[in-house]
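Enquirer: Sharing a sequence plus its predicted fold:
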Amino acid sequence: SSSNSLAELTKIAYNAQAIFALCSWPFSLKLLWAPIVDACFSKRFGRRKSWLVPIQLIAGMLMVFGSGYVEQELGLDNSSNIGVVGSVVDSAATTVEQAAKSMNVQGVTFFFFTLYFLMATQDIAVDGWALTMLSRKNRGKGPICNSIGQNIGYFLSYVGFLALNDVESSENLWRPLLRLPSRPGTGLVSLGGFVKFMGSFMLVITVFVGLFKKEVDMSIEGGDCCTIG
């Protein structure tokens, strides 16, 4: 019956959310490898840049080249899966079958777990760099700037993406505003396109930081067995 199908769909959704929640573990456990990030570095390249630049390059390339993989694992590359919410009302059994066949939660979780691990490691390097980059009187403002930046990022990645991905908003607002041709049933920005754009933006910023931002040469008290050059 439809009620049993809806119950099964709810179970699938809860299971998927439970599995996907594993993505947030790196930020909760980053304290475990933070000492390694702090102790192992190249003196020639910089204590924080030794981690920041490679990590962000890897993360950026992962987002650029993995954007299609994310859409594929979520089943978004198949046009037949558009309008899943509406199909719940029309045929719950069909929706359950689509959800089971089109979405690979394990694949999506693996992708974002890797990305979150890289971002957690980057967060360690950024926090450490802020302590040496900011003057003593401005160090208290570092967490404030960090919080503001995170909230701006959350807004752009959630509200911003949803607004540009929504079919009705794209057709009735964004395309007329930007003088773009009409494409009914298609959002202005796809998930894969959004991920690829943000990955490209990260690569550009990382190259700029790597080439033009000089890190202050801080002396290491007591020496570090993992320092290179």
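Expert: Here it is on my side, so go on. Residues are numbered from 1 along each chain as shown.
Enquirer: What strand or helix carries the nearest residue to residue 114 once chain neighbours are set aside?
Expert: Excluding its sequence neighbours, the residue lying closest to residue 114 (Cβ to Cβ, 6 or more residues apart in numbering) is residue 62, at 6.8 Å. For glycine as for every other residue, the C-beta is placed from the backbone atoms N, C-alpha and C. Assessed by DSSP states H and E, residue 62 sits inside helix 49-74.
Enquirer: Mind listing what's buried along that helix?
Expert: Going by neighbour count (16 or more other Cβ atoms under 10 Å), the buried part of helix 49-74 is 49-60, 62-64, 66-67, 69-74.
Enquirer: helices or strands next to it in the packing?
Expert: helix 105-133, helix 191-212 (3 or more Cβ pairs under 8 Å, 6 or more residues apart in numbering; DSSP states H and E).
Enquirer: Just want the angle from it to helix 191-212.
Expert: If you take axes from the mean of the first three to the mean of the last three Cα atoms, to 10 degrees, helix 49-74 sits at 170 degrees to helix 191-212.
Enquirer: for this structure, what are the low-confidence residue spans?
Expert: For the chain, the stretches with pLDDT under 70 are 1-12, 77-101, 217-229.
Enquirer: Kindly check the end-to-end length of stretch 24-35 for me.
Expert: End-to-end distance of stretch 24-35 (Cα to Cα, to the nearest Å): 20 Å.
Enquirer: For it, which outside residues touch it?
Expert: Stretch 24-35 is contacted from outside by 113, 116, 117, 119, 120, 121, 123, 124, using Cβ atoms under 8 Å, 6 or more residues apart in numbering.
Enquirer: list the contacts for residue 109?
Expert: Per Cβ under 8 Å, 6+ apart, neighbours of residue 109: 19, 20, 22, 23.
Enquirer: hmm, 10 Å instead?
Expert: Counting by Cβ atoms under 10 Å, 6 or more residues apart in numbering, residue 109 touches 16, 19, 20, 21, 22, 23, 73.
Enquirer: And residue 114, by the same measure?
Expert: Per Cβ under 10 Å, 6+ apart, neighbours of residue 114: 23, 26, 58, 59, 62, 66.
Enquirer: Between those, which sits nearest residue 170?
Expert: residue 66 (24.2 Å; Cβ to Cβ).
Enquirer: Distance check, that closest one against residue 27.
Expert: As defined by Cβ to Cβ, to the nearest Å, residue 66 lies at a distance of 20 Å from residue 27.
Enquirer: Torsion angles phi and psi at residue 189?
Expert: Main-chain torsions, residue 189, degrees, to the nearest 10: phi -130, psi 130.
Enquirer: Make sure it is actually in contact with residue 165.
Expert: Yes. Taking Cβ atoms under 10 Å as the definition, residue 189 is a contact partner of residue 165 at 5.5 Å.
Enquirer: State the distance from residue 156 to residue 30.
Expert: Going from residue 156 to residue 30 by Cβ to Cβ gives 23 Å.
Enquirer: Compare neighbour counts for those two and give me the winner.
Expert: Shown here are residue 156 and residue 30; by other Cβ atoms under 10 Å, residue 30 has more neighbours (19 against 12).
Enquirer: tell me the SS of residue 137?
Expert: helix (DSSP: H, G, I helix; E, B strand; the rest coil).
Enquirer: Could you count how many residues lie near it?
Expert: Residue 137 - counted by other Cβ under 10 Å - has 7 other residues nearby.
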